[in-house]
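**Student:** Provide a 3D model corresponding to the input given below.
(one chain, ligands or ions: 1)
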Amino acid sequence: MKTTQRLYEAAHPIWEQCHAHPFVRGIGDGSLDLEKFQWFLLQDYLYLFDYARVFAYGVVKARDPELMRTFSANVDAILGGEMKVHRAYMARLGITEEQVFAVQPALSNLSYTHYMLSCAAAGGPAEIIAAILSCSWSYAEIGQRLAAIPGAADHPFYGEWIRSYAGEDYQKTNDALVELMDQLAEGCTEAEYRRLEEIFVNCSRYELGFWEMAWTLER
Ligand SMILES: Cc1ncc(C[n+]2csc(CCO)c2C)c(N)n1
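**Tutor:** Got it, this is the predicted structure:
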């Protein structure tokens, strides 16, 4: 069985809780409170800077120049591309970047990003991709599932969010990370695999916590 298939199965029950979470369902049926989405957006914007830093650790730790380029391209894509959707929503909601940086990260957010950063600092490229993958992959699946709900992708407010994660570009970016995880885990021992699974499952737990943080407006 592929490494990523094992990882997927290990995290599956937590991912199902993400799909069933009222925040995610609310994006799908358009009923989500704007206040909750706005809080999510502010927290997520802060999250993305640390997420980019996790990839930056990959640039430092990679021995192979091609892998270095991959990590570097991801840093660039997050700081440029991923943040475009956020900035577009911030413009619609009248939020400036200065206002975002004045916000304190919720502990669920801070704990999540610091966990990823500590895994990246202690580990190598495989641990870094394991830490990054549940974020990328779970959003790819959430985007696809939400886009399959009739009318959801055409919602005047939440449609753009759904289309960006369900879109081909984003799905391809995620597929490349899934493939990279399998490459980097090739030939690893069972003990090394267990460490990757521990990281992947913990990050999935943090993903669930992030939805809950936004839903409860955790300060
Ligand atoms: C809490 C949280 N988890 C996942 C993502 C999704 N995400 C973050 S960066 C990126 C680009 C691919 O590496 C994607 C899809 C998010 N925005 N916020």
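
**Student:** what ranges do the helices span in this structure?
**Tutor:** Along the chain, counting by DSSP state H, helices occupy 3-20, 22-29, 34-61, 65-77, 83-93, 97-101, 107-122, 125-147, 159-166, 168-185, 190-215.

**Student:** Deepest in the core, which of those is it.
**Tutor:** Among those, the stretch with the highest mean neighbour count (mean count of other CB atoms under 10 Å) is helix 125-147, at a mean of 23. All C-beta spots, glycine's among them, are computed from the backbone N, C-alpha and C.

**Student:** Would you mind measuring from residue 49 to residue 113?
**Tutor:** Noted for residue 49: a distance of 8 Å to residue 113, by CB to CB, to the nearest Å.

**Student:** circling back to that earlier point, could you dump the helices of the chain into CSV and include mean pLDDT and distance to residue 153?
**Tutor:** Supplementary listing: the helices of the chain in CSV, determined by pLDDT from 0 to 100; distance: least, CB to CB, whole Å:
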stretch, mean pLDDT, distance to residue 153
helix 3-20, 98, 16
helix 22-29, 98, 10
helix 34-61, 97, 16
helix 65-77, 96, 22
helix 83-93, 92, 14
helix 97-101, 90, 26
helix 107-122, 98, 27
helix 125-147, 98, 5
helix 159-166, 97, 5
helix 168-185, 97, 13
helix 190-215, 98, 20
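
**Student:** Please convert those helices to JSON lines, extending it with distance to the ligand.
**Tutor:** Below are those laid out as JSON lines (distance: least, CB to the nearest ligand atom, whole Å):
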{"stretch": "helix 3-20", "distance to the ligand": "10"}
{"stretch": "helix 22-29", "distance to the ligand": "11"}
{"stretch": "helix 34-61", "distance to the ligand": "5"}
{"stretch": "helix 65-77", "distance to the ligand": "6"}
{"stretch": "helix 83-93", "distance to the ligand": "8"}
{"stretch": "helix 97-101", "distance to the ligand": "14"}
{"stretch": "helix 107-122", "distance to the ligand": "7"}
{"stretch": "helix 125-147", "distance to the ligand": "4"}
{"stretch": "helix 159-166", "distance to the ligand": "7"}
{"stretch": "helix 168-185", "distance to the ligand": "6"}
{"stretch": "helix 190-215", "distance to the ligand": "4"}
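
**Student:** Run through who's touching stretch 30-44.
**Tutor:** When contacts are taken as CB atoms under 8 Å, 6 or more residues apart in numbering, the neighbours of stretch 30-44 outside the stretch itself are 23, 25-27, 86, 89-90, 93, 95, 99-100, 103, 105-106, 109, 152, 155, 157-158, 210, 213-215, 217.

**Student:** right, I mislabeled it, should have said stretch 191-202
**Tutor:** When contacts are taken as CB under 8 Å, 6+ apart, the neighbours of stretch 191-202 outside the stretch itself are 3, 6-7, 10-11, 14, 115, 119, 123, 126-127, 130-131, 133-134, 181, 185, 188.

**Student:** can you give me the offset of that stretch from its chain's centre?
**Tutor:** Centre-to-centre, stretch 191-202 and its host chain are 17 Å apart (CA atoms, centre = their mean, to the nearest Å).

**Student:** Convert it to CSV, retaining C-alpha atoms only.
**Tutor:** Coordinates of the C-alpha atoms in stretch 191-202 are reproduced here as CSV (Å, rounded to 0.1, in the frame of the first residue of the first chain):
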residue,chain,number,x,y,z
ALA,A,191,9.4,3.3,12.7
GLU,A,192,10.1,6.2,10.3
TYR,A,193,6.6,5.7,8.8
ARG,A,194,5.0,5.8,12.2
ARG,A,195,6.6,9.2,12.8
LEU,A,196,5.1,10.5,9.5
GLU,A,197,1.7,9.1,10.5
GLU,A,198,1.9,10.7,13.9
ILE,A,199,2.6,14.1,12.4
PHE,A,200,-0.1,13.7,9.7
VAL,A,201,-2.8,12.6,12.1
ASN,A,202,-1.9,15.3,14.7
